[in-house]
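Asker: with the sequence up front, the predicted model follows.
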Amino acid sequence: MASKTLNGPQKAAILLVALGAEASASVFKHLRQEEIDELTLEIASVGQISPKAKSSVVEEFYKTALANEYVSEGGIDYARELLDTALGSDGADEVLSRLSQAIQVTPFEFLQRTDSSQIINVIANEHPQTVALVLAYLPAETAAQVVSALPDDLQSEVAMRIALMDRTAPEVIRDIERVLERRLSSVLSQGFTSAGGLKALVQVLSKVDRQTEKTILETLTEQNGELADEVRRMMFLFEDIVVLDDKSVQLVLREIDGKELSVALKGTSDEVQAKIFSNMSSRAAAIVREDLQFMGPVQVSRVEESQQRIVGVIRRLEDRGSIVIGRGGEGDIVA
């Protein structure tokens, strides 16, 4: 898979895999739903990524980001001068040629896809003139949402300043951009992974909030039901039952046939069995232990099928809101 043969979404998918699950989940928060859907499918289908292809995509992204930063700071000529030093003449020509149609120096570009509620939090304590300057460069719909959320006395003042606004010095805009961008920035993971595919997608989904996960899986189900089922199977393994609280385990056990449970526990770790038995009555636990003792060899496929049916019960109970599977810190309790 050569970098030059990849399209934009494929490169974006490989870059997200390279950045790691946490950084990818953070990126998803700043994308539109249709972009999330497209990238989700790309990540799931990207397959094995050769080190050469991954390195090429990451390098291209770095050069592109570098060029955009330089252009934003001082224009094309300034960017070419700095890129000549950083990448050499040929490297500078290649990057600027590739970006000649794409590079557009738009102030506050990083806010273009930011949710209006986040923008409000970022500019809440800024001077009305600064607020007006930012809103003047935002898409009209986003700017309208921000204005609507401002205090009444600030709305009219900001509106007046937008109407009377004249040219603003580039250095002033850059200073404001740096301050606001720092507030929105997050630390990207430096870890790299060698492959994309389902595992990478599951890692990302395990870090996003429950609603985002649900929306993505629903879209996947509509577009590729088998792929969605495979992702769901990988999202929660039978062994992960140890992370459930005791009350949740007890609710799960009420939905499971004793014989099914005995098969599912065949060959599992002491930790898993201890979690199960501690949430059963002494009599029920004794019956399952006896079943395990006299069961004899069982085909791995049969064990996995039983475990998967129990995982299905867990997922259904979570969908109904009967139990909670903690993800990304959302299950933490604050005293």
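Answerer: Done, it's in. Numbering: from 1, shown residues only.

Asker: CA only for contacts and neighbour counts going forward, please
Answerer: Noted.

Asker: surely Met280 forms part of a strand?
Answerer: No: the assignment for Met280, made by DSSP: H, G, I helix; E, B strand; the rest coil, is coil rather than a strand.

Asker: hmm, Gln250 and it touching each other?
Answerer: Yes: contact criterion C-alpha atoms under 8 Å: Met280 and Gln250 qualify, at 7.3 Å.

Asker: how about the helix or strand Ile14 falls within: buried residues?
Answerer: Following DSSP states H and E, one finds Ile14 within helix 8-19. Buried residues in helix 8-19, counting neighbours by 16 or more other C-alpha atoms under 10 Å, are found at Pro9, Gln10, Lys11, Ala12, Ala13, Ile14, Leu15, Leu16, Val17, Ala18, Leu19.

Asker: with these in mind, which one is nearest to Phe61?
Answerer: Nearest to Phe61, judged by C-alpha to C-alpha, of those is Leu15 at 8.0 Å.

Asker: distance of that closest one from Arg178?
Answerer: Leu15 sits 24 Å away from Arg178 when distances are taken as C-alpha to C-alpha, to the nearest Å.

Asker: for Ile256, grab phi and psi.
Answerer: When read as degrees, to the nearest 10, the backbone of Ile256 gives phi -120, psi 140.

Asker: point me to the residue sitting farthest from the middle of this structure.
Answerer: Within the chain, the residue lying farthest from the chain centre (C-alpha atoms, centre = their mean) is Phe294, at 46.3 Å.

Asker: stretch 240-247 - what's its average pLDDT?
Answerer: For stretch 240-247, mean pLDDT is 88.

Asker: before we move on, back to that, and the helix holding Ile14, what does it pack against?
Answerer: Helices and strands touching helix 8-19, as assessed by 3 or more C-alpha pairs under 8 Å, 6 or more residues apart in numbering; DSSP states H and E, comprise helix 21-28, helix 33-45, helix 51-99.

Asker: remind me which residues of the stretch 101-250 of the chain are low pLDDT?
Answerer: The model of the stretch 101-250 of the chain has pLDDT under 70 over residues 101-106, 110, 113, 170, 183-200, 203, 206-210, 213.

Asker: how about the helices in it?
Answerer: 116-123, 128-137, 140-149, 152-164, 170-184, 197-205, 210-223, 225-235, 246-254 (DSSP state H, counting those that start in this stretch).

Asker: can I get the ones you listed in a markdown table with mean neighbour count and distance to Lys54?
Answerer: Listed next are those as a markdown table, based on neighbours: other C-alpha atoms under 10 Å; distance: least, C-alpha to C-alpha, whole Å:
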| stretch | mean neighbour count | distance to Lys54 |
| --- | --- | --- |
| helix 116-123 | 16 | 32 |
| helix 128-137 | 20 | 35 |
| helix 140-149 | 15 | 35 |
| helix 152-164 | 14 | 45 |
| helix 170-184 | 13 | 27 |
| helix 197-205 | 22 | 14 |
| helix 210-223 | 16 | 25 |
| helix 225-235 | 16 | 23 |
| helix 246-254 | 16 | 41 |
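
Asker: which of the ones you listed sits closest to Arg32?
Answerer: Using C-alpha to C-alpha, the helices of the stretch 101-250 of the chain put helix 210-223 closest to Arg32, at 11.6 Å.

Asker: angle of that closest one against helix 225-235?
Answerer: Helix 210-223 and helix 225-235 are oriented at 150 degrees to each other (axes from the mean of the first three to the mean of the last three C-alpha atoms, to 10 degrees).

Asker: contacting residues around helix 210-223?
Answerer: Here helix 210-223 makes contact (C-alpha atoms under 8 Å, 6 or more residues apart in numbering) with Ile36, Asp37, Thr40, Leu41, Leu205, Ser206, Leu227, Ala228, Asp229, Arg327.

Asker: residue contacts, the fourth one?
Answerer: It stands for Leu41. Leu220.

Asker: can you start the count at 441 instead of 1 from here on
Answerer: Sure, I'll start counting at 441 from here, so that last one is Leu481.

Asker: so how far is Asn447 from it?
Answerer: With C-alpha to C-alpha as the criterion, Leu481 and Asn447 are 14 Å apart.

Asker: so for the nearest residue to Leu705 once chain neighbours are set aside, what's the pLDDT?
Answerer: Leaving aside its sequence neighbours, Leu705 sits nearest to Gln713 (C-alpha to C-alpha, 6 or more residues apart in numbering; 6.8 Å). Note on Gln713: pLDDT of 91.

Asker: for the one 10 residues further on, same thing?
Answerer: Confidence per residue is given as pLDDT, and for Arg723 that number is 92.

Asker: try Thr504
Answerer: 65.

Asker: what secondary structure does the residue nearest to Leu705 sit in?
Answerer: Under three-state DSSP, Gln713 comes out as helix.

Asker: from Ile559, how far out is the closest residue to Ile616 other than its chain neighbours?
Answerer: Once flanking residues are discounted, Ile616 sits nearest to Thr570: 7.8 Å by C-alpha to C-alpha, 6+ apart. Distance, Thr570 to Ile559, using C-alpha to C-alpha: 13 Å.

Asker: reformat the buried residues of helix 448-459 as TSV; add distance to Val587.
Answerer: Output for the buried residues of helix 448-459, formatted as TSV (distance: C-alpha to C-alpha, whole Å):
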residue	distance to Val587
Pro449	33
Gln450	37
Lys451	36
Ala452	33
Ala453	35
Ile454	37
Leu455	35
Leu456	33
Val457	37
Ala458	38
Leu459	35
